[in-house]
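Novice: Sequence and predicted structure below; questions after.
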Amino acid sequence: MNMVEVFLVILFILIVLLATNVRIVPQAYAYVIERLGGYDTTWGVGLHFKVPFLDRVAKRVNLKEQVADFPPQPVITKDNATIQIDTVVFFQITDPKMYAYGVDNPIMAIEKLTATTLRNIIGEMELDQTLTSREIINTNMRSALDVATDPWGIKVNRVELKNIITSEPIRNAMEKQIKAERERREAILRAEGEKKSTILVAEGHKESAILEAEAEKQVAILRAEAEKEKRIREAEGQAEAIRVVQMANAEGIRYLKDAGADEAVLTIKKLEAFEKAANGSATKIIIPSEIQGVAGLAKSITEVAAEQK
């Protein structure tokens, strides 16, 4: 074998070594590297070269969020009801080294941990509360599992209860309870409807009575206003009549004065007025002193005239 052949052999060996020891780590993955049997480093995304015969890829770790669907687990509630619950756990590996060396078979460990945590949580709750508190159970389980799996380099993002399966006797009892509750609510709604109807009828009678009373009040007010207006009009008419009479008397007196009537004429007018008054229904007439003399004089003149005839 000449030197050229030796060189080609050595070149071939180097190419093979390079080809077998160059690694490309894809996105969302990490490689755990051991050297001489012990942990050496963790490769991230990109091109890497391991030392031949010394380094080896101990574990390829998926960093994406993963889903673990576990079969139904039998649990007992606080009121001794046996049910089965199946769960779904969403988790993600955050530390490849701790995941590789923390626990053997991490998925099975998460399943067993989920079962025990679920029994602890459900054991403190009654059946009715278990059936209506899924969100609380999910939150409590996620918190407990996240703390427990942290030393394994795993982060639990969500825990969901898929199904809560009860036994046949429990389902029958629940159906009877639901039926009784439905009938109770129906009776309550019917009673409330009758109550509201009675209240509405009473309020209608009340409103009707109020409206009738208000109408009577308005009628009385209008009648009083009409009577008041009538009396005011009558009083105004009487006042107007008195005013007209007084104005006529004043006008007559003014005319007499303007015509130059003397005291004798005025006295005769007064006598005529008293004559009219005497012809009336009055039984007693008071004659002023200034016309008493004139009355006596008129009587004397009347008597003398009679004697001469």
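Specialist: Okay, I see it. Numbers count the residues shown, from 1 in each chain.
Novice: Kindly list the longest helix within the protein.
Specialist: Longest helix in the chain, counting residues (DSSP state H): helix 168-259.
Novice: Could you list every helix and strand in contact with it?
Specialist: With contacts defined as 3 or more Cβ pairs under 8 Å, 6 or more residues apart in numbering; DSSP states H and E, helix 168-259 has these neighbours: helix 263-278. Bear in mind the C-beta positions are built from the backbone N, C-alpha and C, glycine included.
Novice: just for the stretch 201-309 of the chain, where's the confidence low?
Specialist: 252, 255-257, 259-309 (pLDDT under 70).
Novice: Please, where are all the strands along the stretch 1-150 of the chain?
Specialist: 22-25, 29-35, 38-43, 46-49, 55-62, 66-69, 73-76, 82-93 (DSSP state E, counting those that start in this stretch).
Novice: mind listing what I110 touches?
Specialist: Residues in contact with I110, defined by Cβ atoms under 8 Å, 6 or more residues apart in numbering, are A68, V89, F91, L145, T149, I154, V156.
Novice: So for the nearest residue to the fourth one once chain neighbours are set aside, what's the pLDDT?
Specialist: Read that as L145. The shortest distance from L145 to any non-neighbouring residue, by Cβ to Cβ, 6 or more residues apart in numbering, is to V156 (4.3 Å). On the pLDDT scale, V156 is placed at 94.
Novice: Mind putting the strands of the stretch 1-150 of the chain into JSON lines with mean pLDDT?
Specialist: Output for the strands of the stretch 1-150 of the chain, formatted as JSON lines (pLDDT from 0 to 100):
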{"stretch": "strand 22-25", "mean pLDDT": "89"}
{"stretch": "strand 29-35", "mean pLDDT": "94"}
{"stretch": "strand 38-43", "mean pLDDT": "92"}
{"stretch": "strand 46-49", "mean pLDDT": "90"}
{"stretch": "strand 55-62", "mean pLDDT": "92"}
{"stretch": "strand 66-69", "mean pLDDT": "93"}
{"stretch": "strand 73-76", "mean pLDDT": "90"}
{"stretch": "strand 82-93", "mean pLDDT": "92"}
